[in-house]
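# I'll drop the sequence and a predicted model, then ask my questions.
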Amino acid sequence: MRRILSVLMENEPGALSRLVGVFSQRGYNVDSLSVAPTDDKSLSRLTIVTEADDKVIEQITKQVNKLIDVLKVSDLSDGVHIERELMLIKVATRSESIRAEIKRNVDIFRAQVVDVDAHNYTIQITGTSDKLDAFAYTLGQSTEIIEVSRSGVCGLARGEKALRP
Amino acid sequence: MEMMSGAAMVVRALKDAGVKHVFGYPGGSVLDIYDALYVQDDVEHILVRHEQAAAHMADGYARATGETGTVLVTSGPGATNTITGIATAYMDSIPLVVLSGQVPTMHIGEDAFQETDMIGCSRPIVKHSFLVKRAVDIPGAIAKAYHIANTGRPGPVVVDLPKDIVNPQESHPYEFPSSVELRSYNPTLKGHNKQVKKAIEVIKAAKRPVMYVGGGAVACEATDSVTKLAETLGCPVTSTLMGLGAFSGVHQQSVGMLGMHGTFEANKTMHNADCIIALGARFDDRVTNNVAKFCPNATIVHVDIDPTSISKTVAAHIPVVGSIDRVLEQFFEKLEDFDTEAQAERLADWWQEINQWRAKKCLEYKTSDTQIKPQEVVQSLYKHTGGDAYITSDVGQHQMFAALYYPFSKPRRWINSGGAGTMGFGFPAAMGVQMAHPEAVVACVTGDGSIQMNIQELATCLQYNIPVKIISINNRALGMVRQWQDMIYKGRHSHSYMDSLPDFVKLAEAYGHIGIRVDKPEELDDAMKRCFAEKDRLVFMDIRVDQNEHVYPMQIKYGAMDDMRLSKTERT
């Protein structure tokens, strides 16, 4: 089952490698990981997407929590939440008709063309991972995808629930 | 504020952290720290012959005292040589601080001479680590290291010190924090009241309860409360390899060690229990055998300070996170009006069954007129030390014989590498124990394989006059490997025998110690007596034993707790 873990940790050198180490040394999957400092610069917030059953996710949560640098861990997929991912995708624009088709899809998916070159477009899109997958698939049907860069998921719980120190 | 160099700060911070002994080995990156050690008397340094042994010595010191052991090594190979020692301490939750030198900060990442990424190398086997980048941060990092190492579930902490920050030419303000607080680290000590209540309900209702006591009970000094609980409930108590001594092995309620080489009665009691009270134990694979067949009728109450230990392998029905001593205090509050007489009646049938299992006398073995049996060696050791020595061990058959045939009546007396199974641990660990308790009798039970893994420390013992007794059970083979090969590989002894053993007596003498060889059963008693009469000397006992002896009982792979071989021919 797909899980989204949100982790609040000290923004210290070595902290990220310790966290990633828990996943590799104990054989847990990492589908995606995003990390950046929060409004409080002494803290980092990570979002990790992993595939695990209930027993494994319980161990992952405990093992991550056990790290000295970690303040809080929460499983966002436990409750209602918002998740977003950013994708930049560069596609070939070999003909006028392909350009038009791409533009239509950009509008349908509410994406944005952020860079234009003689032979390609670079498009930005945000949304759930599923939406990004669908957009990339759709573009791939009509033209060649040159490269893709995705941010990994970040997310917050809906409502009053919050991850604070 | 006092001003001093980074090197002086390191030594001063050790003193302020209460450190009396440091085990280490000098080298380029730590020369400034060693120079600072030279000009003071507060912290005593013990020069080892190999850095791995320094880590094991500090570890033995910590296990015997409960205090944090300290190691000081140089960068590169000095640091990496401690890795096995750190892993050993990590697996058994032993508080250790390892100070490693590092190349100057401006050269980190350049593959400089004797540079290794010690923080990276040690990451999976430490509780935490610090790379200190400014001299002013030294006292804080060292204070935090000791705090983290010896609170919560204890463990090793590495402090990496680049050479430029300990420069003796520079001077910085020194301030050792009076207390350490970390917002992200607050171990839970008190059990959750609701969980405690649930646990007590189950425990009170149990007709076939057993207490399963692990190393956590040793770590948090819970012997008195564990004993009180056992006597209140009047139930059998079994100990893990790490828990031996936390509850006295000679107490009438003790059924001995459980697990792969546990006693018949301990494994039977566990398998047939309706309630398991696990205290600071972690249901590891050397205990449970096949988890799918593990104790089918038991409700499991699991008390542990580390939440990750709970339901990791075997799901606990009633988890209680907290330190054992604190949680048991909460138990006692709820057991105040407990009727112990009615309890004794309720458990009468249970004890009758257990006593039948005991009557099997699973530890009996056949003696011989011509060959010494390894079990005899341990029993003789017990006799000549009054059962009251500090016993360290290496890893293999001799370790299991020591665990089974030397009942420990006090905690911290049995010191072995349980989780990591590190050969070469026993001898340096014994040295650490002796440094902590100069007046105590300290013996290392070892074998001809294990002892050769850190034998160079015989020189250290001479230098510091460390009179440990080495009880080497010499079977000219890697006994436990050989036993498995006998049982599983049709007796094909692939690389498990030692064709060119040194003359251990001459070797001991060459290092300036006493060596005694024993070949015949009738000589054993006298030789052991001579050994322990030499109070101020290291004695190396080279005891030649029967090569073909196996350790029994032994659980049968993929079976339940109580599927055991009881001898070469008998199984349950």
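Received it, and whenever you're ready, just let me know what you need.
# Test for you: state the pLDDT assigned to the closest residue to B:N290 other than its chain neighbours.
Once flanking residues are discounted, B:N290 sits nearest to B:Y558: 5.0 Å by Cβ to Cβ, 6 or more residues apart in numbering or on different chains. The way it works is simple: take the backbone N, C-alpha and C, and place the C-beta from them, glycine included. In this model, B:Y558 is scored at 95, pLDDT.
# Tell me how chain A divides into domains.
Listed by automatic domain parsing, the domain ranges of chain A are A:2-79, A:82-154.
# what about those, which gets the closest to B:L233?
Closest to B:L233 of those, according to Cβ to Cβ: domain A:2-79, at 29.1 Å.
# returning to what we had before: out of the domains of chain A, which comes closest to B:G234?
B:G234 sits nearest to domain A:2-79 of all the domains of chain A, at 34.2 Å, using Cβ to Cβ.
# Take the domains of chain A and write them to JSON lines, including mean neighbour count and mean pLDDT.
Converted to JSON lines, the domains of chain A look like this (neighbours: other Cβ atoms under 10 Å in any protein chain shown; pLDDT from 0 to 100):
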{"stretch": "domain A:2-79", "mean neighbour count": "17", "mean pLDDT": "95"}
{"stretch": "domain A:82-154", "mean neighbour count": "15", "mean pLDDT": "97"}
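# can I assume the residue nearest to B:N290 sits in a helix?
No. Looking at B:Y558 with DSSP: H, G, I helix; E, B strand; the rest coil, it is coil, so not inside a helix.
# if we compare the domains of chain A, which one ends up closest to chain B?
When the domains of chain A are compared by Cβ to the nearest Cβ, domain A:2-79 sits nearest chain B, at 4.3 Å.
# Contact residues of chain B facing chain A?
Proximity of chain B to chain A, by Cβ under 8 Å from any Cβ of the partner chain, involves residues B:119-120, B:123-124, B:127-129, B:131, B:148, B:182-185, B:306-308, B:311-312, B:315.
# Could you give the number of residues near the residue nearest to B:N290?
The local packing of B:Y558 (other Cβ atoms under 10 Å in any protein chain shown) involves 10 other residues.
# neighbouring strands for the lengthiest strand in chain A, and are they parallel or not?
The longest strand of chain A (DSSP state E) is strand A:81-92. The pairing partners recorded for strand A:81-92 under DSSP bridges are strand A:120-127 (antiparallel), strand A:145-150 (antiparallel), strand A:154-157 (antiparallel).
# Dump the C-alpha coordinates for the helix or strand following it into PDB.
For strand A:81-92, the following helix or strand on the C-terminal side (DSSP states H and E) is helix A:96-108. Output of helix A:96-108 as PDB, limited to C-alpha atoms (Å, rounded to 0.1, in the frame of the first residue of the first chain):
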ATOM      1  CA  GLU A  96       2.700  22.700 -36.100                       C
ATOM      2  CA  SER A  97       0.100  20.000 -35.500                       C
ATOM      3  CA  ILE A  98       2.100  18.500 -32.700                       C
ATOM      4  CA  ARG A  99       2.600  21.900 -31.100                       C
ATOM      5  CA  ALA A 100      -1.200  22.400 -31.300                       C
ATOM      6  CA  GLU A 101      -1.900  19.000 -29.800                       C
ATOM      7  CA  ILE A 102       0.500  19.700 -26.900                       C
ATOM      8  CA  LYS A 103      -1.000  23.100 -26.300                       C
ATOM      9  CA  ARG A 104      -4.500  21.500 -26.000                       C
ATOM     10  CA  ASN A 105      -3.300  18.900 -23.500                       C
ATOM     11  CA  VAL A 106      -1.500  21.700 -21.500                       C
ATOM     12  CA  ASP A 107      -4.800  23.500 -21.300                       C
ATOM     13  CA  ILE A 108      -6.800  20.400 -20.400                       C
END
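# Downstream of helix A:96-108, the next helix or strand is which one?
Once helix A:96-108 ends, the next helix or strand along the chain (criterion: DSSP H and E) is strand A:112-116.
# Pop the domain breakdown of chain B in here.
B:2-174, B:193-358, B:374-551.
# Mean neighbour count added to those domains, as a markdown table?
A markdown table is the format used below for those (neighbours: other Cβ atoms under 10 Å in any protein chain shown):
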| stretch | mean neighbour count |
| --- | --- |
| domain B:2-174 | 22 |
| domain B:193-358 | 21 |
| domain B:374-551 | 21 |
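# In TSV: those domains, plus mean pLDDT.
As requested, those are exported to TSV (pLDDT from 0 to 100):
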stretch	mean pLDDT
domain B:2-174	98
domain B:193-358	97
domain B:374-551	97
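# what's next to the longest strand of chain A, contact-wise?
Residues outside strand A:81-92 that contact it (Cβ atoms under 8 Å, 6 or more residues apart in numbering or on different chains): A:4, A:32, A:76, A:98, A:102, A:114, A:119-129, A:132, A:135-136, A:139, A:143-158.
# swap in stretch B:187-206?
B:151-153, B:209, B:233, B:235, B:273-275, B:277, B:299, B:301, B:303, B:305, B:307, B:317-323, B:326-327, B:330-331, B:334-335, B:338.
# Can I get it in CSV, CA atoms only?
Taking C-alpha atoms only, stretch B:187-206 is exported to CSV below (Å, rounded to 0.1, in the frame of the first residue of the first chain):
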residue,chain,number,x,y,z
PRO,B,187,13.0,8.8,25.7
THR,B,188,9.8,7.6,27.3
LEU,B,189,10.5,6.2,30.8
LYS,B,190,7.0,5.9,32.4
GLY,B,191,4.6,3.4,30.9
HIS,B,192,1.2,4.6,29.6
ASN,B,193,-1.3,4.1,32.4
LYS,B,194,-3.9,2.5,30.2
GLN,B,195,-1.4,-0.1,28.9
VAL,B,196,-0.2,-0.8,32.4
LYS,B,197,-3.7,-1.5,33.5
LYS,B,198,-4.3,-3.8,30.6
ALA,B,199,-1.1,-5.6,31.3
ILE,B,200,-2.0,-6.2,34.9
GLU,B,201,-5.4,-7.6,34.0
VAL,B,202,-3.8,-10.2,31.8
ILE,B,203,-1.0,-11.0,34.2
LYS,B,204,-3.5,-11.5,37.1
ALA,B,205,-5.7,-13.8,35.0
ALA,B,206,-2.8,-15.9,33.7
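# Please compute how far that stretch lies from its chain's middle.
In this view, stretch B:187-206 has its centroid 28 Å away from the chain centroid, taken as Cα atoms, centre = their mean, to the nearest Å.
# Give the bridge partners for the nearest residue to B:D519 once chain neighbours are set aside, please.
Nearest residue to B:D519 in three dimensions, chain neighbours excluded: B:R544, at 4.9 Å (Cβ to Cβ, 6+ apart). As for beta bridges, B:R544 partners with B:N474 under DSSP bridges.
# B:R544 against B:P521, yeah?
No. Between B:R544 and B:P521 there is no contact under Cβ atoms under 8 Å: 10.6 Å.
# shared neighbours of those two, anything?
Joint contacts of B:R544 and B:P521 (Cβ under 8 Å, 6+ apart) are B:I372.
# how about stretch B:317-333 as PDB, C-alpha atoms only?
Taking Å, rounded to 0.1, in the frame of the first residue of the first chain, the C-alpha atoms of stretch B:317-333 are listed here in PDB:
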ATOM      1  CA  HIS B 317      -0.700  -8.000  22.500                       C
ATOM      2  CA  ILE B 318       0.000  -5.400  25.200                       C
ATOM      3  CA  PRO B 319       2.900  -3.100  24.400                       C
ATOM      4  CA  VAL B 320       4.200  -0.900  27.200                       C
ATOM      5  CA  VAL B 321       6.900   1.600  26.200                       C
ATOM      6  CA  GLY B 322       9.000   2.600  29.200                       C
ATOM      7  CA  SER B 323      12.000   1.700  31.300                       C
ATOM      8  CA  ILE B 324      11.600  -1.500  33.100                       C
ATOM      9  CA  ASP B 325      12.300  -0.200  36.600                       C
ATOM     10  CA  ARG B 326       9.700   2.600  36.200                       C
ATOM     11  CA  VAL B 327       7.100   0.400  34.600                       C
ATOM     12  CA  LEU B 328       7.400  -2.300  37.200                       C
ATOM     13  CA  GLU B 329       6.900   0.400  39.900                       C
ATOM     14  CA  GLN B 330       3.600   1.100  38.200                       C
ATOM     15  CA  PHE B 331       2.900  -2.600  38.100                       C
ATOM     16  CA  PHE B 332       3.500  -2.900  41.900                       C
ATOM     17  CA  GLU B 333       1.000   0.000  42.600                       C
END
